[in-house]
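> fold the stuff below for me.
(chains A and B)
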Amino acid sequence: MTLSIVIKSIFNLEIGNEELMRRYVVSGDSALLTRLYDNCADDLFHYLVSHTDRELAKDISQKAWLRVMDKRHLYRSDGQFRAWLFTLARNLMMDEFRRLQRQPVSEYLETPDTQMDFTDSDIQGRFDQALAALPFLQREAFVLQQEGFGLQDIAAITGEPVETIKSRIRYARKQLRQLLEINHD
Amino acid sequence: MTDQKDPFASLYRHRKHRTNAPRQSRDYILAKAEDRKAGARLQFNVWNWTLGLSLCAAVLLLFRFVGDYRYQMQRPTIEAQTVQLHRLNQEQNSLLASISQMKQQTRIELADNYARYMDNRELLSTHHSNYARLMNTEDGWQIETCEQQLLVLTRELVDQMQQRKLFEQDLKRGDQIEIAFDQSGRILAIKGRHTGQSC
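Have a look, this model is predicted:
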(Lines give C-alpha, C1' and ligand atoms only; values in the text may rest on other atoms or scores of the structure.)
Protein backbone atom coordinates (compact mmCIF):
# COMPACT_ATOMS: atom_id res chain seq x y z
CA MET A 1 0.00 0.00 0.00
CA THR A 2 2.73 2.36 0.97
CA LEU A 3 4.71 1.39 -2.10
CA SER A 4 1.76 2.05 -4.39
CA ILE A 5 1.27 5.49 -2.84
CA VAL A 6 4.92 6.29 -3.36
CA ILE A 7 4.81 5.12 -6.99
CA LYS A 8 1.65 7.10 -7.66
CA SER A 9 3.12 10.22 -6.09
CA ILE A 10 6.27 9.82 -8.17
CA PHE A 11 4.34 9.63 -11.43
CA ASN A 12 1.83 12.28 -10.35
CA LEU A 13 -0.99 9.91 -11.05
CA GLU A 14 -3.23 11.21 -8.30
CA ILE A 15 -2.96 14.94 -8.26
CA GLY A 16 -6.13 16.52 -6.95
CA ASN A 17 -8.06 19.15 -8.84
CA GLU A 18 -6.93 21.80 -6.40
CA GLU A 19 -3.26 21.01 -6.98
CA LEU A 20 -3.82 20.91 -10.74
CA MET A 21 -5.50 24.29 -10.56
CA ARG A 22 -2.72 25.72 -8.39
CA ARG A 23 -0.19 24.62 -10.98
CA TYR A 24 -2.34 25.94 -13.81
CA VAL A 25 -2.62 29.33 -12.10
CA VAL A 26 1.16 29.54 -11.99
CA SER A 27 2.06 28.12 -15.38
CA GLY A 28 -1.02 28.50 -17.58
CA ASP A 29 -0.12 25.08 -18.99
CA SER A 30 -2.97 23.85 -21.20
CA ALA A 31 -2.14 20.23 -20.33
CA LEU A 32 -3.17 20.95 -16.73
CA LEU A 33 -6.40 22.51 -17.93
CA THR A 34 -7.04 19.41 -20.00
CA ARG A 35 -6.78 17.24 -16.92
CA LEU A 36 -9.07 19.55 -14.98
CA TYR A 37 -11.55 19.50 -17.82
CA ASP A 38 -11.49 15.73 -18.00
CA ASN A 39 -12.04 15.51 -14.25
CA CYS A 40 -14.88 17.99 -13.94
CA ALA A 41 -16.50 18.71 -17.30
CA ASP A 42 -19.08 15.90 -17.13
CA ASP A 43 -20.15 16.87 -13.61
CA LEU A 44 -20.57 20.50 -14.61
CA PHE A 45 -22.40 19.70 -17.79
CA HIS A 46 -24.80 17.39 -15.98
CA TYR A 47 -25.49 20.08 -13.37
CA LEU A 48 -26.25 22.58 -16.13
CA VAL A 49 -28.27 20.24 -18.27
CA SER A 50 -30.38 19.42 -15.21
CA HIS A 51 -31.47 23.06 -15.08
CA THR A 52 -31.71 24.12 -18.66
CA ASP A 53 -31.77 22.71 -22.15
CA ARG A 54 -28.81 20.94 -23.69
CA GLU A 55 -27.72 23.73 -26.06
CA LEU A 56 -27.78 26.40 -23.40
CA ALA A 57 -25.96 24.05 -21.01
CA LYS A 58 -23.29 23.55 -23.65
CA ASP A 59 -22.86 27.32 -24.15
CA ILE A 60 -22.74 28.02 -20.44
CA SER A 61 -20.28 25.20 -19.87
CA GLN A 62 -17.93 26.58 -22.51
CA LYS A 63 -18.22 30.08 -21.08
CA ALA A 64 -17.50 28.75 -17.60
CA TRP A 65 -14.31 27.03 -18.74
CA LEU A 66 -13.22 30.15 -20.62
CA ARG A 67 -13.79 32.09 -17.44
CA VAL A 68 -11.63 29.60 -15.57
CA MET A 69 -8.86 30.48 -18.00
CA ASP A 70 -9.44 34.22 -17.76
CA LYS A 71 -9.97 34.44 -14.03
CA ARG A 72 -7.55 31.80 -12.88
CA HIS A 73 -5.64 34.39 -10.88
CA LEU A 74 -8.77 34.85 -8.77
CA TYR A 75 -8.84 31.20 -7.73
CA ARG A 76 -8.29 30.81 -4.00
CA SER A 77 -5.99 27.92 -3.41
CA ASP A 78 -7.64 27.04 -0.09
CA GLY A 79 -10.98 26.39 -1.77
CA GLN A 80 -12.39 23.41 -3.60
CA PHE A 81 -11.89 23.78 -7.36
CA ARG A 82 -15.20 22.15 -8.29
CA ALA A 83 -17.09 24.51 -5.98
CA TRP A 84 -15.39 27.48 -7.66
CA LEU A 85 -16.14 26.07 -11.10
CA PHE A 86 -19.81 25.43 -10.25
CA THR A 87 -20.08 28.94 -8.79
CA LEU A 88 -18.80 30.46 -12.02
CA ALA A 89 -21.17 28.31 -14.06
CA ARG A 90 -24.17 29.10 -11.86
CA ASN A 91 -23.51 32.84 -12.12
CA LEU A 92 -23.31 32.52 -15.90
CA MET A 93 -26.51 30.50 -15.94
CA MET A 94 -28.34 33.15 -13.89
CA ASP A 95 -27.04 35.83 -16.26
CA GLU A 96 -28.43 33.85 -19.17
CA PHE A 97 -31.77 33.46 -17.41
CA ARG A 98 -31.88 37.19 -16.83
CA ARG A 99 -31.00 37.84 -20.45
CA LEU A 100 -33.67 35.40 -21.63
CA GLN A 101 -36.08 36.67 -18.96
CA ARG A 102 -36.46 33.17 -17.66
CA GLN A 103 -36.67 33.50 -13.90
CA PRO A 104 -36.33 30.41 -11.71
CA VAL A 105 -39.54 30.17 -9.71
CA SER A 106 -39.48 30.40 -5.95
CA GLU A 107 -39.22 27.02 -4.35
CA TYR A 108 -42.29 27.14 -2.15
CA LEU A 109 -44.64 28.72 -4.65
CA GLU A 110 -43.93 26.18 -7.33
CA THR A 111 -45.13 22.70 -6.60
CA PRO A 112 -44.71 19.78 -8.92
CA ASP A 113 -47.75 18.58 -10.73
CA THR A 114 -48.64 15.42 -8.85
CA GLN A 115 -50.95 14.54 -11.67
CA MET A 116 -48.02 14.27 -14.09
CA ASP A 117 -48.22 11.32 -16.32
CA PHE A 118 -45.35 9.08 -15.28
CA THR A 119 -45.99 6.54 -17.99
CA ASP A 120 -42.40 5.36 -18.08
CA SER A 121 -42.40 2.02 -16.38
CA ASP A 122 -38.65 2.18 -15.92
CA ILE A 123 -37.71 3.65 -12.52
CA GLN A 124 -34.80 5.52 -14.08
CA GLY A 125 -37.06 7.27 -16.54
CA ARG A 126 -39.50 8.15 -13.80
CA PHE A 127 -36.63 9.56 -11.73
CA ASP A 128 -35.55 11.77 -14.63
CA GLN A 129 -39.08 13.08 -15.03
CA ALA A 130 -39.49 13.61 -11.30
CA LEU A 131 -36.22 15.50 -11.07
CA ALA A 132 -37.20 17.71 -13.97
CA ALA A 133 -40.52 18.37 -12.28
CA LEU A 134 -38.89 19.72 -9.11
CA PRO A 135 -38.81 23.48 -8.54
CA PHE A 136 -35.58 25.00 -9.85
CA LEU A 137 -33.98 25.90 -6.52
CA GLN A 138 -34.91 22.60 -4.86
CA ARG A 139 -33.62 20.70 -7.86
CA GLU A 140 -30.41 22.72 -7.76
CA ALA A 141 -29.80 22.01 -4.07
CA PHE A 142 -30.58 18.33 -4.59
CA VAL A 143 -28.29 18.00 -7.64
CA LEU A 144 -25.45 19.79 -5.88
CA GLN A 145 -25.82 17.49 -2.92
CA GLN A 146 -25.75 14.47 -5.23
CA GLU A 147 -22.59 15.92 -6.81
CA GLY A 148 -20.94 15.52 -3.44
CA PHE A 149 -20.95 19.08 -2.16
CA GLY A 150 -21.56 19.68 1.52
CA LEU A 151 -24.12 22.08 2.85
CA GLN A 152 -21.52 24.82 3.31
CA ASP A 153 -20.34 24.41 -0.27
CA ILE A 154 -23.88 24.47 -1.65
CA ALA A 155 -24.63 27.56 0.40
CA ALA A 156 -21.50 29.20 -1.00
CA ILE A 157 -22.32 28.24 -4.59
CA THR A 158 -25.89 29.44 -4.43
CA GLY A 159 -25.29 32.37 -2.13
CA GLU A 160 -27.96 31.21 0.30
CA PRO A 161 -27.88 30.42 4.04
CA VAL A 162 -27.15 26.85 5.05
CA GLU A 163 -30.59 26.46 6.66
CA THR A 164 -32.26 27.44 3.42
CA ILE A 165 -30.25 24.83 1.60
CA LYS A 166 -31.25 22.23 4.17
CA SER A 167 -34.90 23.09 3.64
CA ARG A 168 -34.60 22.92 -0.13
CA ILE A 169 -32.96 19.54 0.00
CA ARG A 170 -35.56 18.24 2.43
CA TYR A 171 -38.44 19.43 0.25
CA ALA A 172 -36.77 18.07 -2.88
CA ARG A 173 -36.30 14.62 -1.43
CA LYS A 174 -39.82 14.57 -0.03
CA GLN A 175 -41.32 15.46 -3.34
CA LEU A 176 -39.14 13.01 -5.23
CA ARG A 177 -40.34 10.27 -2.89
CA GLN A 178 -43.90 11.27 -3.47
CA LEU A 179 -43.45 11.40 -7.23
CA LEU A 180 -41.63 8.11 -7.40
CA GLU A 181 -43.81 6.57 -4.69
CA ILE A 182 -40.73 5.22 -2.98
CA ASN A 183 -41.57 3.59 0.26
CA HIS A 184 -39.41 5.27 2.83
CA ASP A 185 -39.03 3.21 5.88
CA MET B 1 -23.87 9.07 1.43
CA THR B 2 -24.37 5.44 0.59
CA ASP B 3 -27.06 3.99 -1.59
CA GLN B 4 -28.65 2.35 1.46
CA LYS B 5 -29.12 5.73 3.14
CA ASP B 6 -29.94 7.65 -0.06
CA PRO B 7 -32.36 5.84 -2.36
CA PHE B 8 -31.75 8.51 -5.06
CA ALA B 9 -27.97 8.18 -5.27
CA SER B 10 -27.99 5.20 -7.57
CA LEU B 11 -30.68 6.67 -9.79
CA TYR B 12 -28.80 9.94 -9.95
CA ARG B 13 -25.55 8.16 -10.80
CA HIS B 14 -27.19 6.27 -13.65
CA ARG B 15 -28.78 9.43 -14.96
CA LYS B 16 -25.45 11.23 -14.85
CA HIS B 17 -23.70 8.39 -16.58
CA ARG B 18 -25.92 8.94 -19.61
CA THR B 19 -25.09 12.62 -19.80
CA ASN B 20 -21.59 13.51 -20.90
CA ALA B 21 -20.14 16.85 -21.92
CA PRO B 22 -20.03 17.25 -25.72
CA ARG B 23 -16.73 16.29 -27.31
CA GLN B 24 -16.60 19.43 -29.44
CA SER B 25 -16.80 21.54 -26.30
CA ARG B 26 -13.63 19.87 -25.07
CA ASP B 27 -11.84 20.53 -28.36
CA TYR B 28 -13.04 24.13 -28.39
CA ILE B 29 -11.91 24.81 -24.83
CA LEU B 30 -8.51 23.23 -25.29
CA ALA B 31 -7.93 25.07 -28.58
CA LYS B 32 -8.76 28.32 -26.80
CA ALA B 33 -6.35 27.41 -24.02
CA GLU B 34 -3.56 26.80 -26.54
CA ASP B 35 -4.30 30.10 -28.31
CA ARG B 36 -4.23 32.04 -25.08
CA LYS B 37 -1.04 30.38 -23.98
CA ALA B 38 0.62 31.28 -27.29
CA GLY B 39 -0.68 34.85 -26.97
CA ALA B 40 0.51 35.04 -23.42
CA ARG B 41 3.93 33.74 -24.48
CA LEU B 42 4.13 36.42 -27.18
CA GLN B 43 3.10 39.09 -24.72
CA PHE B 44 5.63 37.71 -22.26
CA ASN B 45 8.38 37.90 -24.88
CA VAL B 46 7.44 41.44 -25.87
CA TRP B 47 7.35 42.39 -22.22
CA ASN B 48 10.71 40.76 -21.62
CA TRP B 49 12.29 42.58 -24.53
CA THR B 50 10.79 45.88 -23.47
CA LEU B 51 11.90 45.37 -19.91
CA GLY B 52 15.39 44.36 -21.01
CA LEU B 53 15.82 47.37 -23.28
CA SER B 54 14.49 49.68 -20.59
CA LEU B 55 16.93 48.26 -18.08
CA CYS B 56 19.84 48.69 -20.50
CA ALA B 57 18.84 52.29 -21.17
CA ALA B 58 18.49 52.94 -17.45
CA VAL B 59 21.93 51.45 -16.74
CA LEU B 60 23.51 53.54 -19.51
CA LEU B 61 21.84 56.67 -18.18
CA LEU B 62 23.01 55.81 -14.69
CA PHE B 63 26.59 55.34 -15.86
CA ARG B 64 26.48 58.62 -17.73
CA PHE B 65 25.03 60.43 -14.74
CA VAL B 66 27.64 58.96 -12.42
CA GLY B 67 30.40 59.81 -14.92
CA ASP B 68 29.23 63.41 -15.27
CA TYR B 69 28.94 63.72 -11.51
CA ARG B 70 32.46 62.42 -10.95
CA TYR B 71 33.78 64.73 -13.68
CA GLN B 72 32.10 67.69 -12.01
CA MET B 73 33.57 66.67 -8.68
CA GLN B 74 37.11 66.26 -10.05
CA ARG B 75 37.24 69.38 -12.22
CA PRO B 76 38.98 72.28 -10.43
CA THR B 77 36.79 75.21 -9.76
CA ILE B 78 37.70 78.38 -11.67
CA GLU B 79 37.15 81.23 -9.29
CA ALA B 80 38.46 84.14 -11.38
CA GLN B 81 37.48 84.57 -14.99
CA THR B 82 39.28 87.88 -15.59
CA VAL B 83 43.00 88.61 -15.39
CA GLN B 84 43.94 92.22 -14.84
CA LEU B 85 47.39 93.59 -15.81
CA HIS B 86 48.32 96.32 -13.39
CA ARG B 87 51.94 96.98 -14.53
CA LEU B 88 51.74 96.94 -18.30
CA ASN B 89 54.15 99.91 -18.84
CA GLN B 90 56.75 98.44 -16.55
CA GLU B 91 56.48 95.14 -18.31
CA GLN B 92 57.06 96.83 -21.68
CA ASN B 93 60.17 98.62 -20.38
CA SER B 94 61.47 95.39 -19.04
CA LEU B 95 60.87 93.74 -22.41
CA LEU B 96 62.76 96.49 -24.28
CA ALA B 97 65.65 96.21 -21.87
CA SER B 98 65.71 92.51 -22.37
CA ILE B 99 65.78 92.90 -26.17
CA SER B 100 68.54 95.47 -25.92
CA GLN B 101 70.53 93.19 -23.68
CA MET B 102 70.10 90.34 -26.16
CA LYS B 103 71.28 92.59 -29.03
CA GLN B 104 74.33 93.61 -27.03
CA GLN B 105 75.07 90.03 -26.23
CA THR B 106 74.75 89.08 -29.91
CA ARG B 107 77.06 91.92 -30.87
CA ILE B 108 79.69 90.76 -28.40
CA GLU B 109 79.40 87.22 -29.69
CA LEU B 110 79.83 88.42 -33.28
CA ALA B 111 82.92 90.44 -32.34
CA ASP B 112 84.37 87.43 -30.60
CA ASN B 113 83.67 85.24 -33.60
CA TYR B 114 85.26 87.82 -35.94
CA ALA B 115 88.37 88.07 -33.83
CA ARG B 116 88.58 84.31 -33.72
CA TYR B 117 88.16 84.26 -37.50
CA MET B 118 90.95 86.74 -38.04
CA ASP B 119 93.25 84.76 -35.78
CA ASN B 120 92.48 81.62 -37.72
CA ARG B 121 93.01 83.42 -40.98
CA GLU B 122 96.42 84.63 -39.87
CA LEU B 123 97.24 81.15 -38.68
CA LEU B 124 96.16 79.68 -41.98
CA SER B 125 98.09 82.21 -44.07
CA THR B 126 101.12 81.36 -42.03
CA HIS B 127 100.84 77.69 -42.60
CA HIS B 128 99.29 77.57 -46.08
CA SER B 129 101.34 79.75 -48.34
CA ASN B 130 103.18 78.92 -51.53
CA TYR B 131 105.95 80.61 -53.33
CA ALA B 132 105.43 81.40 -57.00
CA ARG B 133 106.37 83.67 -59.86
CA LEU B 134 104.06 86.03 -61.63
CA MET B 135 104.27 85.06 -65.31
CA ASN B 136 101.76 87.32 -66.98
CA THR B 137 99.59 90.25 -65.87
CA GLU B 138 97.64 90.94 -69.07
CA ASP B 139 94.04 89.76 -69.36
CA GLY B 140 94.23 88.02 -65.96
CA TRP B 141 97.21 86.70 -64.08
CA GLN B 142 99.20 83.57 -64.72
CA ILE B 143 101.19 82.36 -61.77
CA GLU B 144 103.65 79.51 -61.82
CA THR B 145 104.31 77.93 -58.48
CA CYS B 146 107.57 76.46 -57.40
CA GLU B 147 105.93 73.06 -57.76
CA GLN B 148 105.62 73.79 -61.48
CA GLN B 149 101.86 74.31 -61.27
CA LEU B 150 100.26 77.00 -63.36
CA LEU B 151 97.63 79.08 -61.59
CA VAL B 152 95.38 81.24 -63.77
CA LEU B 153 93.35 84.09 -62.24
CA THR B 154 90.71 85.69 -64.41
CA ARG B 155 90.55 89.43 -64.89
CA GLU B 156 87.35 89.72 -62.83
CA LEU B 157 88.87 87.82 -59.94
CA VAL B 158 92.03 89.93 -60.05
CA ASP B 159 89.93 93.13 -60.06
CA GLN B 160 87.82 91.96 -57.09
CA MET B 161 90.88 90.91 -55.12
CA GLN B 162 92.56 94.23 -55.87
CA GLN B 163 89.41 96.04 -54.66
CA ARG B 164 89.56 94.06 -51.44
CA LYS B 165 93.26 94.95 -51.22
CA LEU B 166 94.32 91.35 -51.20
CA PHE B 167 97.19 92.16 -53.66
CA GLU B 168 100.10 94.40 -53.37
CA GLN B 169 99.65 97.17 -55.88
CA ASP B 170 103.11 97.26 -57.34
CA LEU B 171 103.40 93.65 -58.48
CA LYS B 172 104.55 93.23 -62.04
CA ARG B 173 105.43 90.48 -64.45
CA GLY B 174 108.36 88.30 -63.36
CA ASP B 175 108.08 89.20 -59.61
CA GLN B 176 108.56 86.49 -57.01
CA ILE B 177 105.36 86.31 -55.00
CA GLU B 178 103.94 84.51 -51.98
CA ILE B 179 100.37 83.18 -52.17
CA ALA B 180 98.34 82.58 -48.98
CA PHE B 181 95.56 79.97 -49.17
CA ASP B 182 92.81 79.12 -46.78
CA GLN B 183 91.73 75.58 -45.81
CA SER B 184 89.52 75.34 -48.89
CA GLY B 185 92.31 76.37 -51.18
CA ARG B 186 90.98 79.83 -51.81
CA ILE B 187 93.52 82.64 -52.22
CA LEU B 188 93.51 84.92 -49.24
CA ALA B 189 96.33 87.24 -50.24
CA ILE B 190 99.19 87.69 -52.76
CA LYS B 191 102.15 89.76 -51.83
CA GLY B 192 105.58 90.31 -53.25
CA ARG B 193 108.55 88.36 -52.00
CA HIS B 194 111.60 90.44 -52.14
CA THR B 195 113.95 88.39 -50.02
CA GLY B 196 114.98 84.76 -50.02
CA GLN B 197 115.68 82.33 -52.81
CA SER B 198 113.62 82.17 -55.95
CA CYS B 199 112.17 78.90 -57.20
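> what about the helices in chain B?
Using DSSP state H, the helices found in chain B span residues B:9-17, B:23-74, B:88-127, B:155-163.
> could you dump those helices to CSV with distance to A:Phe136 and mean neighbour count?
For glycine as for every other residue, the C-beta is placed from the backbone atoms N, C-alpha and C. Formatted as CSV, the helices of chain B follow (distance: least, C-beta to C-beta, whole Å; neighbours: other C-beta atoms under 10 Å in any protein chain shown):
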stretch, distance to A:Phe136, mean neighbour count
helix B:9-17, 17, 16
helix B:23-74, 23, 11
helix B:88-127, 112, 10
helix B:155-163, 146, 13
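> near chain B, which residues of chain A are found?
Chain A comes close to chain B at residues A:28-30, A:33-34, A:37-38, A:41-46, A:49, A:58, A:61-62, A:65-66, A:69, A:123-124, A:127-128, A:131, A:142-143, A:146, A:173, A:176-177, A:182, A:184, as judged by C-beta under 8 Å from any C-beta of the partner chain.
> which of those count as buried?
A:28, A:30, A:33-34, A:37, A:41-46, A:49, A:58, A:61-62, A:65-66, A:69, A:127-128, A:131, A:142-143, A:146, A:173, A:176, A:182 (16 or more other C-beta atoms under 10 Å in any protein chain shown).
> pop the domain breakdown of chain B in here.
B:1-67, B:115-192 (automatic domain parsing).
> cool, chain A as well?
A:10-103, A:105-185.
> lowest-confidence stretch among those?
The weakest mean pLDDT among these belongs to domain A:105-185, with a mean of 81.
> which helix or which strand is home to the most centrally placed residue in chain A?
The centre of chain A sits closest to A:Tyr47, judged by C-alpha atoms, centre = their mean, with a distance of 4.1 Å. Element membership for A:Tyr47 (DSSP states H and E) is helix A:30-49.
> which elements pack onto the helix or strand that that helix is followed by?
Counting by DSSP H and E, the element after helix A:30-49 in chain order, helix or strand, is helix A:54-70. On a contact count with 3 or more C-beta pairs under 8 Å, 6 or more residues apart in numbering or on different chains; DSSP states H and E, helix A:54-70 meets helix A:30-49, helix A:81-100, helix B:23-74.
> closest to B:Pro7 out of these?
Distance to B:Pro7, taken as C-beta to C-beta, is lowest for helix A:30-49 among the helices and strands packed on helix A:54-70, at 19.3 Å.
> so which elements touch that closest one?
helix A:17-27, helix A:54-70, helix A:81-100, helix A:136-146, helix B:9-17, helix B:23-74.
> so what touches that helix?
A:15, A:17, A:20-21, A:23-24, A:56-58, A:60-61, A:64-65, A:68-69, A:81-82, A:85-86, A:89, A:93, A:143-144, A:147, B:15-16, B:19-22, B:25-26, B:29-30, B:33-34, B:37 (C-beta atoms under 8 Å, 6 or more residues apart in numbering or on different chains).
> how far off centre is it?
For helix A:30-49, the separation from the chain centroid amounts to 11 Å (computed by C-alpha atoms, centre = their mean, to the nearest Å).
> tell me the pLDDT of B:Arg75.
For B:Arg75, the predicted pLDDT is 65.
> now swap in B:Gln4 and tell me
pLDDT, read off for B:Gln4, is 56.
> now swap in B:Leu53 and tell me
In this model, B:Leu53 carries a pLDDT of 90.
> and if you look at the one 4 residues further on?
Taken from the predicted model, the pLDDT recorded for B:Ala57 is 93.
> nearest to A:Glu160, of the domains of chain B?
domain B:1-67 (20.6 Å).
> and for residue 171, the neighbour number?
Just so you know, I chose chain A. Counted with other C-beta atoms under 10 Å in any protein chain shown, the neighbours of A:Tyr171 add up to 19.
> wait, I meant chain B there
17.
> comparing the domains of chain B by mean pLDDT, which bottoms out?
Looking at those, the bottom one is domain B:115-192 with a mean of 80.
> ends of stretch A:74-83, what's the gap?
14 Å (C-alpha to C-alpha, to the nearest Å).
> how about residues contacting it?
A:17-18, A:20-22, A:25, A:36, A:40, A:43, A:84, A:147, A:149, A:153, A:156-157.
> also stretch B:7-25?
With C-beta under 8 Å, 6+ apart, stretch B:7-25 has contacts from A:41-46, A:49, A:58, A:61-62, A:65, A:123-124, A:127-128, A:131, A:142-143, A:146, A:173, A:176-177, A:182, A:184, B:1-3.
> end-to-end on that stretch?
Stretch B:7-25 end-to-end distance (C-alpha to C-alpha) = 33 Å.
> with stretch B:141-155 instead?
7 Å.
> how far away from the center of its chain is it?
55 Å.
> tell me which residues in stretch B:147-155 are buried?
Quick answer for stretch B:147-155 (16+ other C-beta under 10 Å): B:Leu151, B:Leu153.
> run through who's touching it.
The contact list for stretch B:147-155, computed with C-beta under 8 Å, 6+ apart, reads B:130, B:132, B:135, B:139-145, B:161, B:179, B:187.
> pick the one among those closest to B:Trp47.
B:Ile187 (102.2 Å).
> the closest one pairs with what?
Beta bridges link B:Ile187 to B:Phe181, judged by DSSP bridges.
> list the residues that contact it.
If you count contacts by C-beta under 8 Å, 6+ apart, then B:Ile187 has B:Leu153, B:Met161, B:Leu166, B:Ile179, B:Ala180, B:Phe181 around it.
> so which residues on chain B come close to chain A?
B:7-9, B:11-12, B:14-16, B:19-22, B:25-26, B:28-30, B:32-34, B:36-37, B:40.
> thank you kindly, that will do.
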